[in-house]
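Peer 1: Turn this into a structure:
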Amino acid sequence: MKKTLIIFAVTVVLSTVCNSQQLPQAKTQSVARESEIINEIRTEIVNGINVLERKRQVSAIESAFSRYTLPQRAHLLAQLCYQKTLGTLFMPMDLAEIALAETGGHGLSAKAVSVKGALGVWQLMPFRAKSHGFSPDEMENDEKCAYAAVRELSSKLLMARGNMSLAKKLYCGVGPDADAYEARRRQFRREIMREMDNAELKRAEIVQKEIARSS
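Peer 2: Residues are numbered from 1 along each chain as shown. A predicted model of the protein is given here:
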């Protein structure tokens, strides 16, 4: 369905552009305005799909988090993954898989401290926290830690020249530790995606039951 909507929008845009080449010069402004409208529609469709996908991810993230911490905390952290990635290049899953890779083994604790001194759920080093405008102590605040993590990942994305996978690996650093971290991150990403698939299957089963009842 998502692909169909995008294809429809793109098809309409291309059709408008092709037709505009055959119109008299007097109608150029009208065609330009129509193109603007079509672009606005296409943007709304894509943004709508984006929101739906984000919400779908949040539900799966909460389920995945619940295996490592209390349900209430899983819900809170999943919502932060949604809120702090809005308006960015990242999706909730991007932030969630980093949290699991960093502190999943420590119950996603806000008080987690690594042997190297990284802090909070998203494990920011004190000097990196300061570079994003936060004190080290503030990394115990989940909301501030999540915000700092998004900023940190953004900086790594610049270093990686847009390569998202490399940016996530650089989030940890380089060397053997980063390699092990990357393997964990990919594992947790698959875990979240399985949760999404399971949710889709459950929704399909509910729809089938409703159809069976109404027939």
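Peer 1: Going by C-alpha atoms from here, please, whenever you check contacts or count neighbours.
Peer 2: OK.
Peer 1: Contact partners for the spatially most central residue of the chain?
Peer 2: Centroid check for the chain by C-alpha atoms, centre = their mean gives Met91 as the closest residue, at 1.0 Å. The neighbours of Met91, taking C-alpha atoms under 8 Å, 6 or more residues apart in numbering as the test, are 54, 81-82, 85.
Peer 1: just the helices in the chain please.
Peer 2: 2-20, 28-65, 71-83, 92-103, 126-131, 142-159, 164-172, 176-214 (DSSP state H).
Peer 1: Pull out the buried residues from the third one.
Peer 2: The neighbour-count criterion (16 or more other C-alpha atoms under 10 Å) identifies 73-75, 77-83 as the buried residues of helix 71-83.
Peer 1: Return the closest of the residues you listed with respect to Lys169.
Peer 2: Proximity of the buried residues of helix 71-83 to Lys169 (C-alpha to C-alpha) peaks at Cys81, which lies at 18.4 Å.
Peer 1: Can you verify my assumption that that closest one contacts Glu97?
Peer 2: No: the pair Cys81 / Glu97 is not scored as a contact, 9.8 Å apart, by C-alpha atoms under 8 Å.
Peer 1: sorry, back to before: can you redo the helices of the chain as CSV with mean pLDDT and distance to Gly120?
Peer 2: Formatted as CSV, the helices of the chain follow (pLDDT from 0 to 100; distance: least, C-alpha to C-alpha, whole Å):
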stretch, mean pLDDT, distance to Gly120
helix 2-20, 42, 36
helix 28-65, 67, 15
helix 71-83, 97, 12
helix 92-103, 97, 8
helix 126-131, 96, 10
helix 142-159, 97, 6
helix 164-172, 93, 14
helix 176-214, 87, 16
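Peer 1: and the buried residues of helix 71-83, which two are the farthest apart?
Peer 2: Farthest pair in those (C-alpha to C-alpha) is Arg73 and Gln83. Separation: 15.2 Å.
Peer 1: and the nearest residue to Ser135 once chain neighbours are set aside, how many residues sit next to it?
Peer 2: Excluding the flanking residues, the one nearest Ser135 by C-alpha to C-alpha, 6 or more residues apart in numbering is Ala129, at 6.3 Å. Other residues within reach of Ala129, judged by other C-alpha atoms under 10 Å, total 24.
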